[in-house]
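Asker: Make a model of this:
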Amino acid sequence: MVQRTVIPRAAVAAALLLAGCATPGPRPDAAAPAGYLSPGDIDRLGRMLARAPAAGEAEAEALSLFGAVPPGTDRWWLATAHAELRPPWAAQHFDCALGTRLAERPRPALTRLMARLAADAAAAARAGGGGDPGPPRPFARVAGLEPCERVPAGVRNGPSRPAVGAIVAGAYGELFAALAPDAGAAARRTAREIGWSRAVCRMNWPADVEDGLAAGAAVYAAAAARPAFTPDLEAARGELAAARAEGLSSPACAAERRALRQWRAPPAPGGQAGRGATSEP
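Answerer: Numbers count the residues shown, from 1 in each chain. Here you go, the predicted structure:
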């Protein structure tokens, strides 16, 4: 009699979602290119992030989220995968929205464009770090919570604002919506899931995630107005079109769909669906 090995569902999801981390590309310690934004742009965005958070953070809502997505679940593993926001690896988070497999081969123009936007997002976050940061990170404030990633001491003891990962996600969402307008809504939904994964990971409070996503969209808009941006965008658009023409899809999409059936990020402010809705798009 042959004994069958049963693999836990969450382990399958983790294997599929994290398998793409071998994406070919530059070394992670390679020098990152400078961003697009001027010092004036950075200061303006920093002021946007530096404002004090709304009084009375909806902590009960956040605790409900933490209870809905406990460690080891599929959505928890998806949030763990979403923590990788460095290009070129972060591009694969948008594979399912775009119907392609960006990790199949190097996409140097897309990687450079994403790296420059990430640099701008980080600069805006640093500029906004001087305001009222509000409460500490959820896992540092609420006993018994643990983040879904290893956290250095400097980050562990730091504030929840600004939510840098959400800022980067918001900028990436606008980028992929511009590169593939036919999939723009799906790209922005993916960006929201990436941003809200910072709350699923107990790293940022929901209000900080929402502010970060809005700031990321503002980072993209400011970068897109700079003269150097257009040629980079067109080069990346050509690479994305070529990738979609390859006819490949990511093996992680089934795991992603299963994770999102467990818990989905709330719609953008003004959306119609309920918060934390679990319905498919």
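
Asker: From here on, just use CA atoms for contacts and neighbour counts.
Answerer: OK.

Asker: Against A224, how distant is A215?
Answerer: Per CA to CA, to the nearest Å, A215 is found 14 Å from A224.

Asker: So for those two, which residue has more residues nearby?
Answerer: Shown here are A215 and A224; by other CA atoms under 10 Å, A215 has more neighbours (28 against 18).

Asker: just checking, that one touches R47?
Answerer: No. Between A215 and R47 there is no contact under CA atoms under 8 Å: 10.4 Å.

Asker: how far away is S249 from P87?
Answerer: 19 Å.

Asker: Among those two, which residue is more densely surrounded?
Answerer: Between S249 and P87, counted using other CA under 10 Å, P87 has the larger neighbour count: 22 against 17.

Asker: where in the stretch 1-150 of the chain is pLDDT low?
Answerer: Across the stretch 1-150 of the chain, the ranges flagged by pLDDT under 70 are 1-31, 51-58, 130-133.

Asker: can you rerun that using 80?
Answerer: 1-32, 50-61, 129-135 (pLDDT under 80).

Asker: All the helices of it, in order from the start?
Answerer: 9-19, 39-50, 59-68, 74-82, 95-98, 108-127, 138-141 (DSSP state H, counting those that start in this stretch).

Asker: now the ones you listed as JSON lines including mean neighbour count and distance to A199?
Answerer: Below are those laid out as JSON lines (neighbours: other CA atoms under 10 Å; distance: least, CA to CA, whole Å):
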{"stretch": "helix 9-19", "mean neighbour count": "18", "distance to A199": "18"}
{"stretch": "helix 39-50", "mean neighbour count": "19", "distance to A199": "18"}
{"stretch": "helix 59-68", "mean neighbour count": "14", "distance to A199": "8"}
{"stretch": "helix 74-82", "mean neighbour count": "26", "distance to A199": "9"}
{"stretch": "helix 95-98", "mean neighbour count": "22", "distance to A199": "21"}
{"stretch": "helix 108-127", "mean neighbour count": "23", "distance to A199": "17"}
{"stretch": "helix 138-141", "mean neighbour count": "18", "distance to A199": "8"}
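
Asker: Identify whichever of those lies nearest to S197.
Answerer: helix 74-82 (4.6 Å; CA to CA).

Asker: and that closest one, what does it pack onto?
Answerer: Identification of packing neighbours for helix 74-82 by 3 or more CA pairs under 8 Å, 6 or more residues apart in numbering; DSSP states H and E yields helix 9-19, helix 184-200, helix 253-262.

Asker: can you pull the contacts of E84?
Answerer: By CA atoms under 8 Å, 6 or more residues apart in numbering, the contact list for E84 reads A90.

Asker: Please disregard the earlier target; I meant R101.
Answerer: R101 touches Q92, D95, A243, R244, L248, S249, S250, counting by CA under 8 Å, 6+ apart.

Asker: hang on, the earlier thing: just so I know, which of the helices of the stretch 1-150 of the chain lies nearest L260?
Answerer: Per CA to CA, nearest to L260 of those: helix 74-82, 6.4 Å.

Asker: Give me the distance from that closest one to the chain's centre.
Answerer: 11 Å (CA atoms, centre = their mean, to the nearest Å).

Asker: now stretch 62-72
Answerer: 18 Å.

Asker: again with stretch 197-211
Answerer: The answer for stretch 197-211 is 11 Å, by CA atoms, centre = their mean.
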